[in-house]
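Turn this into a model:
(one chain, ligands or ions: 1)
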Amino acid sequence: MKKTILVTGSSRGIGKAIALYLSKKGFNLVLHCRNQIAQAEAVVAEIETLDQSARLLQFDITDRAQCAEQISQDIEIHGAYYGVVCNAGITADNAFPSLTGEEWDSVINTNLNGFYNVLHPIIMPMIRQRKPGRIVTLSSASGIMGNRGQVNYSAAKAGIIGATKALALELAKRDITVNCVAPGLIATDMLNDLPLDELKKMIPARRIGRADEVAATVAFLLSEDAGYITRQVISVNGGLC
Ligand code: NDP
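A predicted model of the protein is given here:
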């Protein structure tokens, strides 16, 4: 039977690239979005043209009750997941003196609280399977080195690294690996409105990364070959940090 992987935020950007990459590797996909249902349905259709299968969940990862209900229901019907990619995330950039409480809260609630809200309903069913499992979280270069204008985002993404490493310790003896991928600047909607020509000068590779380059790293960590890699942070950033 095909292994099933949930990829949060797979309506577009890096999540979409991860979902397409994994479906080409023969995994069964559970796609997910918050608002962009038409875009997410288009990803399902694209996966089906590859003769692979995908289903779609829609919930807000900041809503703990909604996450628990939707994910538990999906697991009850289809069985526990082999893998999860906690990819959904947002930015709300501002210099710290101007950073509003709303900008702080929304970024922490989505990126960091989303870790708990999504993974908590998934972990026990995964453990009960008594089979190997894979969890990959998405941090950022901003969470490793700190980035001006992103005090909220750097805090959330650094928090994800700590949470990932701690969960890896708890799950290692169960043969469930937990790793983090930390992209640098990747061409998605998230970079709209950023001065890319200026930013490229800071990147040793002198270019913005592609979503499929992140997807390839995530897919490796989800593969059987990566069974002895856990509690690690892998950067995909053109040498940025
Ligand atoms: P995009 O903005 O392109 O896509 C974000 C995705 O997350 C969408 O699918 C969106 O759903 C979903 N999402 C956002 N908020 C919520 C929410 N509250 N509940 C449910 N789903 C939500 O982002 P990227 O593809 O660029 O980023 C993916 C991940 O990679 C993020 O965690 C980001 O922080 C990280 N990252 C990105 C970098 C980059 O340069 N692009 C660099 C470093 C890290 P919908 O379409 O329905 O709105």
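
Enumerate the residues of this protein near the ligand.
Contact residues, the chain versus the ligand (C-beta under 6 Å from any ligand atom): 9, 11-15, 33-36, 39, 60-62, 87-90, 110, 138, 140, 183, 185-186, 188-191. The way it works is simple: take the backbone N, C-alpha and C, and place the C-beta from them, glycine included.

Filter the residues you listed down to the buried ones.
Taking 16 or more other C-beta atoms under 10 Å as the criterion, what is buried in the residues of the chain next to the ligand is 9, 11-15, 33-34, 60-62, 87-90, 110, 138, 140, 183, 185-186, 188, 190.

thinking again about what came up before, so which of the residues of the chain next to the ligand sit within helices?
Using DSSP state H, the subset of the residues of the chain next to the ligand located in helices is Gly13, Ile14, Gly15, Gln39.

and the closest residue to the first one other than its chain neighbours, what pLDDT?
Here the nearest residue to Gly13 in space, its sequence neighbours aside, is Thr188; by C-beta to C-beta, 6 or more residues apart in numbering that works out to 3.5 Å. Predicted confidence (pLDDT) for Thr188: 97.

got a list of contacts for the helix or strand of the chain with the lowest mean pLDDT?
Here the helix or strand of the chain ranked lowest by mean pLDDT, DSSP states H and E is helix 196-200, holding a mean of 95. Identification of contacts with helix 196-200 by C-beta atoms under 8 Å, 6 or more residues apart in numbering yields Leu185, Arg206, Arg207, Ile208.

hey, what's the nearest residue to Gln232 once chain neighbours are set aside bridged with?
Leaving aside its sequence neighbours, Gln232 sits nearest to Asn179 (C-beta to C-beta, 6+ apart; 5.0 Å). Beta-bridge pairing of Asn179 under DSSP bridges involves Val136.

Based on its surroundings, how many neighbours for Asn179?
23 (other C-beta atoms under 10 Å).

residues in contact with it?
By C-beta under 8 Å, 6+ apart, Asn179 lies in contact with 135-137, 164, 168, 221, 226, 229-234.

Now list the buried members of those residues.
Counted by 16+ other C-beta under 10 Å, the contacts of Asn179 give Ile135, Val136, Thr137, Thr164, Ala168, Leu221, Ala226, Thr230, Arg231, Val233, Ile234 as buried.

Distance of the fifth one relative to Tyr228?
Remark: distance between Ala168 and Tyr228 (C-beta to C-beta, to the nearest Å) = 12 Å.

Closest to Glu69 out of the ones in helices among the residues of the chain next to the ligand?
Nearest to Glu69 among those: Gly15, at 21.2 Å, using C-beta to C-beta.

Pretty sure the closest one sits against Asn87.
Yes - between Gly15 and Asn87 there is a contact at 4.2 Å, judged by C-beta atoms under 8 Å.

Mutual contacts of those two, please.
Val7, Thr8, Gly9.

and the second one, how many residues sit next to it?
As a burial measure, Thr8 scores 29 neighbours (other C-beta under 10 Å).

Then the first one?
One way to gauge burial is a neighbour count; for Val7, by other C-beta under 10 Å, it gives 33.

tell me, what residue is most central in the chain?
Among the residues of the chain, the one closest to the centroid is Asn87, at 1.6 Å (C-alpha atoms, centre = their mean).

any idea how far that one lies from Ala17?
From Asn87 to Ala17 the distance is 10 Å (C-beta to C-beta).

Check Thr91 too.
For Thr91 relative to Ala17 (C-beta to C-beta), the value is 18 Å.

Have a look at the two and say which one is more surrounded.
Neighbour count, other C-beta under 10 Å: between Thr91 and Ala17, Ala17 has more, with 25 against 22.
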